[in-house]
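**Student:** Coordinates for the following, if possible.
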Amino acid sequence: MLVVDTSALISLAAGSVFELVIDEFDVAITETILTELEETASYDDRHARAATAILEKVERLNVVSGSGESPLTSTIDAGEASCVVAVQEYDASFLITDDFRALPELQQLVDAEVALSPIVLRALVKRGVLEEEAALRKFETIANKRDWLGAPIYRYARTLFSEK
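**Tutor:** Modelled structure (predicted):
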C-alpha cells in the first residue's frame, strides 16, 4: 500500500499519471488529505484542476482515518502527520510526499520507505506500464507545472532518472 499526501497526489495528477498509479497500486489517503484536496479544488488554477481530477476518482482510493498521535512539527504539516499515522496503522510500504524539506524527518518517523512522487514514475517503468522516455517526459511536465525547475526537489528527483 502507498499512502500519498496532497502534494504528491497533485504532482501525479499534474503529470497525467494519477490514473495509471491507481490502476497499478493500492493507494490510501487520509481524511485530512481528502479535505486538503477539496480545499485546493475550490481555487481556479492548475493545482485546483489536478485536485478536481483526483476527487473525480476518489472512490478508487482507500480513504482512511489517519487520526491519532500526529507528529506535527515545523516541517511536518497536518496532512503529512495524518499520513504518518496511516502508514503506521496500516503497515503501508511507502509514504509518498513532495515536501522535500520534510522528507528526512518523515523517514525517521516510519518504518516504510518515504519517497518523492517521481519514484512512482520509476515504479511504473519497472512494471512495464510506462516507457522510460514517457516517464521522463511526465517528470518534466510535473516539474514544470509544480514550479520545481532549478529547485532542490527537481535536482534530487532528476537523479532517479539517471539510475537504472
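
**Student:** what ranges do the strands span in the protein?
**Tutor:** Applying DSSP state E to the chain gives strands spanning 2-4, 27-30, 62-64, 94-96, 113-115.

**Student:** who are the neighbours of the third one, in terms of helices and strands?
**Tutor:** Contact partners of strand 62-64 among helices and strands, from 3 or more Cβ pairs under 8 Å, 6 or more residues apart in numbering; DSSP states H and E: strand 27-30, helix 31-41, helix 78-90. Bear in mind the C-beta positions are built from the backbone N, C-alpha and C, glycine included.

**Student:** buried stuff in it?
**Tutor:** By 16 or more other Cβ atoms under 10 Å, the buried positions in strand 62-64 come out as Val64.

**Student:** now it: mean pLDDT?
**Tutor:** Taken as a whole, strand 62-64 has a mean pLDDT of 96.

**Student:** Parallel or antiparallel, which strands does that strand pair with?
**Tutor:** When sheet partners are counted by DSSP bridges, strand 62-64 sits next to strand 27-30 (parallel).

**Student:** Need the residues that contact the strand it pairs with.
**Tutor:** Strand 27-30 is contacted from outside by 1-5, 9, 21, 37, 60-67, 79, 82-83, 85-86, 90, 92, using Cβ atoms under 8 Å, 6 or more residues apart in numbering.

**Student:** Just the CA trace of it, in PDB.
**Tutor:** Listed next in PDB are the C-alpha coordinates belonging to strand 27-30 (Å, rounded to 0.1, in the frame of the first residue of the first chain):
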ATOM      1  CA  VAL A  27      -3.400   3.900  -2.800                       C
ATOM      2  CA  ALA A  28      -4.500   5.300   0.500                       C
ATOM      3  CA  ILE A  29      -5.200   8.800   1.600                       C
ATOM      4  CA  THR A  30      -6.300  10.200   4.900                       C
END
